[in-house]
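J.: Have a look at this fold, sequence not included:
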């Protein structure tokens with residue numbers, strides 16, 4: 001006879017439990033099992049009562065339960081029903097004695113696999129019954145397993161973050177999962193019965209779809225990135241995989257399309273690429289800024305000195321003025337390079353944007369021309385921001401210049417300010433990258449030709465321009481973008497061809513509602529003079545000589561030093577007071593910051609003015625104190641230098657009185 005081995009594990013013996021009070025039944029069943037071939041092919045435990053059976057079933061795993069239906073402890077079917085409800089099926093075979101049809105029917109209804117009359121209990125009958133029960137259990141198990149797999153698959157598809165769409169061979173949609181509804185905006189009822197053309201965006205040519213259908217109809221898997229359109233008209237990009245489904249004969253009957261929404265990832269990658277471009281060019285700009293600004297300082301300084309020595313009306317006067325104008329344009333270009341790469345040195349102040357913009361709009365008509373109507377609408381109440389007014393001017397000048405070029409036949413340029421609070425609803429619906437909070441909004445709009453949709457993603461890229469050769473540098477909007485980001489702000493553009501363009505800039509407000517704006521320093525056009533003693537520290541000889549000559553003409557006593565070490569020696573050897581040190585920041589042997597640290601011990605009353613043509617990051621690395629108030633970036637005009645010196649020292653009259661006191 002065959003041994004009692006489990007079908008699912010042919011090397012493991014059958015483990016059975018006999019439930020019944022009579023010991024002779026246990027010995028009889030064990031003898032039948034042990035004599036049925038290999039004595040190790042079955043293991044039999046014995047429970048004298050239902051309570052003992054429950055305990056053993058909780059402690060050990062059994063493959064089969066043999067139950068003496070004549071037991072009198074509890075209703076015999078209770079244990080069977082409890083086992084079935086707790087995740088069976090564990091095969092139960094009842095050993096009965098003279099059971100009628102009603103009893104047998106009740107046993108089977110309760111979930112028993114089979115029964116054996118004790119009068120017919122022998123090896124052949126028991127082996128056949130056990131095999132039948134185990135086979136039934138295996139089939140049932142393969143079926144909690146198939147159903148379980150189907151349930152898991154269904155849950156996986158329904159809960160997948162990727163879109164799933166099933167169509168028939170003709171492309172008629174038969175199923176979509178919740179992710180499809182969430183991403184596309186189409187409900188399941190709206191999508192079923194339609195074709196995937198409801199998502200068509202017109203962004204791909206017909207050859208893309210021809211290739212797609214040729215691939216899947218041949219039974220191959222299609223993979224690609226598709227631009228689709230949501231129900232509300234928004235475009236989104238998906239990494240799409242379309243898999244053919246075959247029947248038993250190998251014919252393609254359906255297609256399963258899986259789509260992963262790449263819109264956010266591609267947007268972030270684009271931003272990262274933009275940041276990398278700007279960082280690379282920023283490093284380049286920062287590297288050349290120092291030398292370039294020193295050269296421009298030399299050009300502007302000697303041009304100003306030459307202009308002051310030329311008689312009025314001389315033909316040389318106009319030529320030198322052209323040199324000065326060209327140098328200033330070159331200086332503006334350098335500032336733009338540093339601005340869009342966020343490396344421009346800032347002179348931050350608490351400002352009222354209405355006041356700053358109001359001053360700038362007085363200058364804009366000359367830039368945009370008389371055929372463009374300029375309107376400035378200031379908000380009644382506006383929160384304070386911390387910004388550099390010069391950078392705000394750069395923003396508005398660049399946006400106004402772009403608007404002018406977009407309205408060659410004239411038009412309207414509108415500048416508006418507003419006090420706004422961006423809440424969670426706005427952030428979730430519009431721009432997820434903006435933190436919620438209180439902002440000042442600066443809006444610049446025109447009714448010009450607009451920006452084509454294919455150009456919108458690139459407008460903030462450095463050196464990207466659609467203007468004719470020689471008409472633009474491609475730095476204007478990149479500069480605006482860099483300044484906004486440097487000030488922890490955000491900028492968005494809305495435009496359509498022929499419908500004009502709107503730029504919206506959000507700058508974070510200061511938390512203190514009672515903060516008052518600081519007055520902007522007014523740099524007068526006339527040269528401001530003085531009689532104090534200045535120590536000029538500059539490692540570029542030409543810059544130092546030109547600056548020293550100018551300051552001497554302004555009435556100052558000028559001591560010169562070529563670097564920090566030389567400056568310390570000059571300060572030690574000079575017997576009289578040194579009222580102000582004008583020093584470069586980055587110099588060989590000793591930086592400007594180190595010089596002032598050493599000099600403050602020798603002459604604590606001496607004031608300081610830092611100048612530099614380096615980018616902000618380089619200057620900050622040198623740990624220069626009081627940069628916000630005592631710094632002048634190169635290239636500077638000599639008039640600007642004279643005004644800044646007087647700002648640091650105080651009015652000339654007060655200084656003169658203090659000197660005589």
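T.: On my side now, so go ahead. Since the structure is predicted, the reported quantities are computational estimates derived from the model, not experimental observations.
J.: Break the protein down into its domains, please.
T.: 14-155, 160-261, 267-340, 353-508, 533-660 (automatic domain parsing).
J.: Could you export these to TSV, including columns for distance to residue 527, mean pLDDT and mean neighbour count?
T.: In short, each C-beta sits where N, CA and C put it, glycine included. Converted to TSV, the domains of the chain look like this (distance: least, CB to CB, whole Å; pLDDT from 0 to 100; neighbours: other CB atoms under 10 Å):
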stretch	distance to residue 527	mean pLDDT	mean neighbour count
domain 14-155	81	73	16
domain 160-261	59	92	15
domain 267-340	9	77	17
domain 353-508	21	82	17
domain 533-660	5	82	18
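J.: Surely residue 226 is in contact with residue 236?
T.: No - the pair residue 226 and residue 236 does not pass the contact test of CB atoms under 8 Å, sitting 9.5 Å apart.
J.: Next up, the contacts around the spatially most central residue of the chain.
T.: Centroid-nearest residue in the chain, with CA atoms, centre = their mean: residue 268, separated by 5.2 Å. By CB atoms under 8 Å, 6 or more residues apart in numbering, the contact set of residue 268 is empty.
J.: Okay, and it sits in which element?
T.: helix 263-309 (DSSP states H and E).
J.: so after that helix, what's the next helix or strand?
T.: That would be, after helix 263-309 and using DSSP H and E, helix 315-340.
J.: So what are the sheet partners of the helix or strand just after that next one and their directions?
T.: Per DSSP H and E, the first helix or strand lying C-terminal to helix 315-340 is strand 349-351. Strand 349-351 has the following sheet partners, assigned by DSSP bridges: strand 385-387 (antiparallel).
J.: thinking in terms of the whole chain, how far from its middle is the strand it pairs with?
T.: Remark: strand 385-387 is offset 25 Å from the chain centroid, using CA atoms, centre = their mean, to the nearest Å.
J.: now do stretch 23-38
T.: Here stretch 23-38 is found 73 Å from its chain centre; the criterion is CA atoms, centre = their mean.
J.: Kindly report the same for stretch 251-268.
T.: Distance, centroid of stretch 251-268 to centroid of chain: 22 Å (CA atoms, centre = their mean).
J.: start to end distance for it?
T.: With CA to CA, to the nearest Å as the measure, stretch 251-268 spans 42 Å from end to end.
J.: cool, and stretch 458-477?
T.: End-to-end for stretch 458-477, by CA to CA: 10 Å.
J.: quick one: the helices in the stretch 501-650 of the chain?
T.: 541-553, 564-573, 592-602, 616-621, 638-649 (DSSP state H, counting those that start in this stretch).
J.: Could you point out which of these sits nearest residue 94?
T.: helix 616-621 (86.6 Å; CB to CB).
J.: Who are the contact partners of residue 125?
T.: So residue 125 contacts residue 116 (CB under 8 Å, 6+ apart).
J.: distance between the helix or strand harbouring it and the chain's centre?
T.: Secondary structure assigned from DSSP H and E places residue 125 in helix 123-159. Chain-centre distance of helix 123-159: 49 Å, with CA atoms, centre = their mean.
J.: Which helix or strand lies directly C-terminal to the helix or strand encompassing residue 401?
T.: Following DSSP H and E, one finds residue 401 within helix 389-406. Heading C-terminal from helix 389-406, the first helix or strand you meet, by DSSP H and E, is strand 411-422.
J.: now that following strand and helix 389-406, what's the angle there?
T.: 130 degrees (axes from the mean of the first three to the mean of the last three CA atoms, to 10 degrees).
J.: Tell me how far strand 411-422 lies from the chain's centre.
T.: Counting by CA atoms, centre = their mean, strand 411-422 comes out at 27 Å from the chain centroid.
J.: Residues contacting it, please?
T.: Against strand 411-422 from outside (CB under 8 Å, 6+ apart): 353-354, 357, 361, 364, 368, 371-379, 381-383, 396, 400, 403-404, 407, 434, 436-448, 506, 509.
J.: could you redo the last one with a cut-off of 6 Å?
T.: 353-354, 372-379, 381-383, 403, 434, 436, 438-439, 441-448 (CB atoms under 6 Å, 6 or more residues apart in numbering).
J.: Within its sheet, name the partner strands of that strand and how each one runs.
T.: strand 372-377 (parallel), strand 437-446 (antiparallel).
J.: next one: the first one to chain centre, how far?
T.: To tie it back to what came earlier, the one meant is strand 372-377. So, by CA atoms, centre = their mean, the centroid of strand 372-377 is 36 Å from its chain's centroid.
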